[in-house]
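Asks: Prediction below, plus the sequence it came from.
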Amino acid sequence: MARAIWNGEILAESDDTIIVEGNHYFPADSLRREFFQESDTHTRCGWKGLASYYSIVVNGVENRDAAWYYPSTKPAAREIEGRVAFWRGVIVET
């Protein structure tokens, strides 16, 4: 079971993560949505496509753009389409 944790709260928990480039991609339905806010940030990956971001807010503290996902991937990355990965201090325990 993998858990994404930040600021003392479990953000996501699943036994169905996919690891790509060292990042655990969690199923969207494993997120505790109360901690996630849509961001206007987008980045592009040459083989995965256009990434969208969430900022995470826990106990009044914001971690801007700390989670990302690919709403529509390029063919080589279909397995992670719609899944969410973390960075910026979010700890993923396995």
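Replies: Arrived safely, thanks for sending. Treat the numbers as computed from the prediction; the structure is a model and nothing was measured. Residues are numbered from 1 along each chain as shown.
Asks: contacting residues around residue 92?
Replies: With C-beta atoms under 8 Å, 6 or more residues apart in numbering as the criterion, the residues that contact residue 92 are 2, 3, 4, 5, 24, 86. (Glycine included, C-beta is placed from N, CA and C.)
Asks: since we're on the first one, how many residues are nearby?
Replies: So that's residue 2. The number of residues packed near residue 2 is 17, by other C-beta atoms under 10 Å.
Asks: do the same with the second one
Replies: Using other C-beta under 10 Å, the number of residues around residue 3 comes to 17.
Asks: now the protein, which segments are flagged as low pLDDT?
Replies: In the predicted model of the chain, no residue satisfies pLDDT under 70.
Asks: Quick one: the strands in it, in order.
Replies: Assigned strands in the chain, in chain order: 2-6, 9-14, 18-20, 23-25, 36-45, 49-58, 61-69, 84-86, 91-93 (criterion: DSSP state E).
Asks: tilt between the fifth one and strand 9-14?
Replies: This means strand 36-45. 60 degrees (axes from the mean of the first three to the mean of the last three C-alpha atoms, to 10 degrees).
Asks: Okay, buried residues for strand 36-45 please.
Replies: Within strand 36-45, the residues scored as buried using 16 or more other C-beta atoms under 10 Å are 36, 39.
Asks: Now do that strand: which elements does it pack against?
Replies: Using 3 or more C-beta pairs under 8 Å, 6 or more residues apart in numbering; DSSP states H and E, the elements in contact with strand 36-45 are strand 49-58, strand 61-69.
Asks: mind checking which of these is nearest residue 19?
Replies: Taking C-beta to C-beta, strand 61-69 is the member of the helices and strands packed on strand 36-45 nearest to residue 19, at 14.9 Å.
Asks: Pairing partners for the closest one, with directions?
Replies: Here the strand partners of strand 61-69, with direction, are listed using DSSP bridges: strand 49-58 (antiparallel), strand 84-86 (antiparallel).
Asks: What is the distance between the shortest one and the centre of its chain?
Replies: When you say that, I think you mean strand 84-86. Its chain's average C-alpha position is 2 Å from that of strand 84-86, according to C-alpha atoms, centre = their mean, to the nearest Å.
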